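Q: All I have is the shape, not the residue letters:
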């Protein structure tokens, strides 16, 4: 033991010669912010989607829009926020511009500025089929280690005070504001997203329990809090945390080993946590039993070499007075680590050699008639 990502002409011709549409009817729409997924501890993505809802009587040639939200700054955990467009169904010249995080009147805002208006006939025709036209896929990040989505509280900024969300279309070849905030919605920003667990089992080896679980689908999955209780406890206690895959449609296998348990009966469960704070429990169906050791044993210390501390594990098959001593290379007794009565079970003792010179040391255990030493 040592001390160490050319059909505009068709549409134009269609609308000129078709009598289906009345050019004086304002197009109607539904505008939704949704499909939110937290892609990391400090990054969130969501869609801004528009669908044309009165297409039987109107055409919706999109001229432009600006999209403003209010939200709660507490999401950022003190860090600076970065807002960006990462995808859109619109051509680049019609996409909203300059995504920024802005403070006004004590409110935090996410802003997308109005694009430059195109000429009539050069707009984009908003889809009337689900899911609609994706105006933009947005990404919000913080430069802090993480943010807390449960405080996000995203909501459309619909006026009456400028700036607020505005939508424009072409009517009779004229740019016309068609904003109707009654149909601006927020969806799926606070709902938990599923984790599909296909198995959860345990295996016992000595005083170690290994938990294994498998998923085939994960969305917004931050991870799993491992919880345990024994027969004497009323409530579960957190013993560890295993990071989840975030978003995955592949099979994921997880494992966790609970070490150095005393003899007894144990119950385990997983607390699966979404990035937005929602959670769900998965209970291990069987009770896990740790039996007492059948033989006395002294194990090798770890780490070895060590500097300046090391741990020594031992096990007892019967009750007895236990004595553990440390000796130097010359056989001189240095210290007594244990000298007390012990019940059958598994034990660990810490040896701190910070007050001793570097070198080689040995340790000896005596428990009844059982005697063993290692170095």
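A: Nice, I can see it. Quick caveat: nothing in here was measured; it's all calculated off a predicted structure. Numbers count the residues shown, from 1 in each chain.
Q: low-confidence ranges in the chain?
A: Within the chain, the set of residues satisfying pLDDT under 70 comprises 1-23, 105-106, 150-151, 188-194, 275-277.
Q: And the helices in it?
A: 7-17 (DSSP state H).
Q: got the contact list for the closest residue in space to residue 114 that isn't next to it in sequence?
A: Leaving aside its chain neighbours, residue 114 sits nearest to residue 66 (4.2 Å; criterion: Cβ to Cβ, 6 or more residues apart in numbering). Glycine gets a C-beta too; all of them are placed from N, C-alpha and C. Contacts of residue 66 were listed using Cβ atoms under 8 Å, 6 or more residues apart in numbering, and they are 96, 111-114, 163, 165-166.
Q: Counting neighbours, which of the residues you listed end up buried?
A: Among those, the ones that count as buried by 16 or more other Cβ atoms under 10 Å are 96, 111-112, 114, 165-166.
Q: Can you show me the strands along the stretch 201-350 of the chain?
A: For the stretch 201-350 of the chain, strands defined by DSSP state E, counting those that start in this stretch occupy the ranges 208-230, 237-248, 252-258, 264-274, 279-283, 288-290, 297-298, 309-316, 320-328, 333-342, 345-352.
Q: Taking the buried ones among the contacts of residue 66, tell me the two that lie furthest apart.
A: 111 and 166 (12.0 Å; Cβ to Cβ).
Q: quick one: contacts for the most centrally placed residue in the chain?
A: In the chain, the residue lying closest to the centroid (Cα atoms, centre = their mean) is residue 222, at 2.2 Å. Residues near residue 222 by Cβ under 8 Å, 6+ apart: 38, 41, 243-244, 246, 273-275.
Q: same check, this time on residue 298
A: Neighbours of residue 298 in contact, by Cβ under 8 Å, 6+ apart: 312, 314, 363, 365, 372-374.
Q: Apart from its neighbours in sequence, what residue is nearest it?
A: residue 372 (4.3 Å).
Q: With residue 45 as the reference, measure out to the closest residue to residue 137 other than its chain neighbours.
A: Spatial nearest neighbour of residue 137, chain neighbours left out: residue 87 (3.8 Å); criterion: Cβ to Cβ, 6+ apart. Distance, residue 87 to residue 45, using Cβ to Cβ, to the nearest Å: 9 Å.
Q: just residue 289 next, same as before
A: Distance, residue 289 to residue 45, by Cβ to Cβ: 45 Å.
Q: Between the two, tell me which one has more neighbours.
A: Of the pair residue 289 and residue 45, residue 45 is the one with more neighbours under other Cβ atoms under 10 Å, namely 19 against 11.
Q: isn't the more buried one right up against residue 141?
A: No - with contact defined as Cβ atoms under 8 Å, residue 45 does not count as touching residue 141 (9.6 Å).
Q: For residue 152, which non-adjacent residue is spatially closest?
A: residue 75 is the one closest to residue 152 (Cβ to Cβ, 6+ apart), at 5.0 Å.
Q: Residue 54 now?
A: residue 28 (4.3 Å).
Q: residues contacting the one you found?
A: 52-54, 58, 178, 180, 183.
Q: Would you mind measuring from it to residue 56?
A: Distance, residue 28 to residue 56, using Cβ to Cβ: 11 Å.
Q: Can you tell me which of the contacts of residue 298 is nearest residue 199?
A: Taking Cβ to Cβ as the measure, residue 199 lies nearest residue 314 of the contacts of residue 298, at 35.2 Å.
Q: ok, how many other residues are close to the closest one?
A: 23.
Q: now do residue 330
A: 7.
Q: Please apply the same query to residue 302.
A: With other Cβ under 10 Å as criterion, residue 302 counts 12.
Q: Could you tell me the end-to-end distance of stretch 201-215?
A: Start and end residues of stretch 201-215 are separated by 13 Å (Cα to Cα, to the nearest Å).
Q: And that stretch, how far out from the chain middle?
A: In terms of Cα atoms, centre = their mean, to the nearest Å, the centre of stretch 201-215 is found 24 Å from the chain centre.
Q: any residues touching that stretch, and which ones?
A: So stretch 201-215 is contacted by 195-200, 221, 224, 226, 245, 248, 251-263, 266, 268, 270, 282, 284, 286, 288-290, 293, 315, 346 (Cβ under 8 Å, 6+ apart).
Q: Of these, grab the buried ones for ChimeraX.
A: Paste this into ChimeraX to select the buried members of those, with burial taken from 16+ other Cβ under 10 Å:
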select :195,197,200,221,224,226,245,252,254,256,258,261,266,268,270,284,288,290,293,315,346
